[in-house]
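>>> All I have is the shape, not the residue letters:
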């Protein structure tokens, strides 16, 4: 058995065998199978959380997803980002003719075959993203979103040599590597905290011999952190939400409405001009977002009509209404869900597939509405200052 990419740790009467893998490497999957069969461990730990594990074992169950429910639960943007991340990984896997995450699938299958306890050792991906998100300002969030979405547009292929280098990163790290150089504070929630979480879960795994299937980037950190005790509850606490977005979200609409109302009271014609300006700026930019996302004419009309109202209410968003309209008029078929895994490989596919087009409509209409709010608000204030 090849010992390359294998780290052995003996601690408190237990043996830990860490296999450092590349998430898109066929050799990694073969090595996982070989190690588990030879070592016959009591437990097999895999770098998955419950959510990702369910998506693997349930296979095509995601095809039953209710897109309308996704929009109502305000998860459209999160789903779009998850698809973008999946696109990055699957595109590389397809290039080398293998299944993305095959080494984790192999770990699950081999654990079952050998009668070993399966341990889902990774932290919930949404907790990780929440803790990353909480460490970013507005500028950082904008760059992060654009960088992840930009991965969809990439048509680059990678060489075998570059693939080997990627054994030092997991999929998320591969996408965010450059980003973490710009924002070094993200290394803690993205890498360091996950090292600690993984190390504790591996350490707590039942039995005397434990095999852990991990992205190679985590092996050095886990090797160090496994000798310490870590509080898993503390590592999964969601960061407190800032009060400022809420304060600004309510203050801006109140200010705009107060200015327009005061102007109407003192100068009705100027107040009417402000109102028309607000409607045109917010409605037009939201409608433009629906056009860019290739929405149905009724979707575009919905975006235009609701934006002037929803932009004045922090708990509403024009994109949700536009997305729901598109979903009702162009409801995705089973075929669209079946093609989803292929369509996310390309920009054209994202716009062609009815599922991703709805998600794009939600996101781009919301962005358009936000731009319209800024420009329309400035125009309202400008008219107010000119008249008084």
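Yep, that arrived. Everything numeric here is computed off the predicted structure, so don't read it as measured data.
>>> Could you list the buried residues of the helix or strand harbouring residue 320?
Using DSSP states H and E, residue 320 sits in helix 318-329. Residues 318, 319, 320, 321, 322, 323, 324, 325, 326, 327 are the ones in helix 318-329 that count as buried (16 or more other C-beta atoms under 10 Å). In short, each C-beta sits where N, CA and C put it, glycine included.
>>> So for it, mean pLDDT?
Averaging pLDDT along helix 318-329 gives 95.
>>> in stretch 371-388, what's buried?
Applying 16+ other C-beta under 10 Å to stretch 371-388 flags 371, 372, 373, 375, 376, 377, 379, 380, 383, 384 as buried.
>>> With stretch 226-246 instead?
Applying 16+ other C-beta under 10 Å to stretch 226-246 flags 226, 230, 235 as buried.
>>> Which of those residues sits closest to residue 142?
residue 235 (27.2 Å; C-beta to C-beta).
>>> quick one: contacts for the closest one?
By C-beta atoms under 8 Å, 6 or more residues apart in numbering, the residues touching residue 235 are 123, 193, 196, 197.
>>> gap between the helix holding residue 320 and the chain center?
Relative to its parent chain, helix 318-329 has a centroid offset of 21 Å by C-alpha atoms, centre = their mean, to the nearest Å.
>>> Could you identify the helix or strand that succeeds it?
helix 334-343.
>>> any weak-confidence spans in this structure?
The chain contains residues with pLDDT under 70 at 1-2, 23-26, 58-65, 78, 81-82, 84-100, 137-138, 144-145, 147-183, 341.
>>> can you list the domains in it?
As assigned by automatic domain parsing, the chain contains the domains 6-235, 244-387.
>>> before we move on, back to that, okay if I get the buried residues of stretch 226-246 as TSV plus secondary structure?
Formatted as TSV, these follow (DSSP: H, G, I helix; E, B strand; the rest coil):
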residue	secondary structure
226	coil
230	coil
235	helix
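>>> Pick the one among those residues closest to residue 128.
Nearest member of those to residue 128, counting by C-beta to C-beta, is residue 235, at 9.8 Å.
>>> Mean neighbour count, the domains of the chain: which tops it?
Compared across these, domain 244-387 shows the largest average neighbour count, a mean of 19 (mean count of other C-beta atoms under 10 Å).
>>> where does it sit relative to the chain's centre, distance-wise?
Distance, centroid of domain 244-387 to centroid of chain: 22 Å (C-alpha atoms, centre = their mean).
>>> how far does it stretch from start to finish?
Taking C-alpha to C-alpha, to the nearest Å as the measure, domain 244-387 stretches 31 Å from start to finish.
>>> Shouldn't residue 239 be within a helix?
No. With three-state DSSP as the criterion, residue 239 is coil rather than part of a helix.
>>> residues touching it, list them.
130, 131, 133, 134, 135 are the contacts of residue 239 under C-beta under 8 Å, 6+ apart.
>>> Quick check: phi and psi on it?
phi -60, psi 150 (degrees, to the nearest 10).
>>> between the helix or strand containing residue 360 and helix 318-329, how big is the angle?
If you go by DSSP H and E, residue 360 is part of helix 354-387. Interaxial angle of helix 354-387 relative to helix 318-329 (axes from the mean of the first three to the mean of the last three C-alpha atoms, to 10 degrees): 140 degrees.
>>> and of the buried residues of stretch 371-388, the nearest to residue 297?
Using C-beta to C-beta, the buried residues of stretch 371-388 come closest to residue 297 at residue 372, 19.3 Å.
>>> Surely the closest one and residue 289 touch.
No. Taking C-beta atoms under 8 Å as the definition, residue 372 is not a contact partner of residue 289, at 9.0 Å.
>>> Residue 273 contacts residue 380, doesn't it?
No. The criterion here is C-beta under 8 Å, and residue 273 misses it with residue 380 at 9.4 Å.
>>> mind listing the strands for the protein?
Applying DSSP state E to the chain gives strands spanning 6-11, 14-21, 43-46, 117-120, 209-215.
>>> Let's have those strands in TSV, adding distance to residue 106.
Formatted as TSV, those follow (distance: least, C-beta to C-beta, whole Å):
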stretch	distance to residue 106
strand 6-11	15
strand 14-21	9
strand 43-46	9
strand 117-120	12
strand 209-215	8
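>>> And the ones you listed: which comes nearest residue 356?
The nearest among the strands of the chain, by C-beta to C-beta, is strand 209-215 at 26.9 Å.
>>> Show me what that closest one is packed up against.
Under the contact definition 3 or more C-beta pairs under 8 Å, 6 or more residues apart in numbering; DSSP states H and E, strand 209-215 sits against strand 14-21, helix 26-39, strand 43-46, helix 102-114, helix 193-203.
>>> Tabulate these (a markdown table), appending distance to residue 6.
Shown next, in a markdown table, are the helices and strands packed on strand 209-215 (distance: least, C-beta to C-beta, whole Å):
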| stretch | distance to residue 6 |
| --- | --- |
| strand 14-21 | 6 |
| helix 26-39 | 7 |
| strand 43-46 | 14 |
| helix 102-114 | 13 |
| helix 193-203 | 14 |
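>>> Looking at the ones you listed, which is nearest to residue 332?
The nearest among the helices and strands packed on strand 209-215, by C-beta to C-beta, is helix 102-114 at 26.9 Å.
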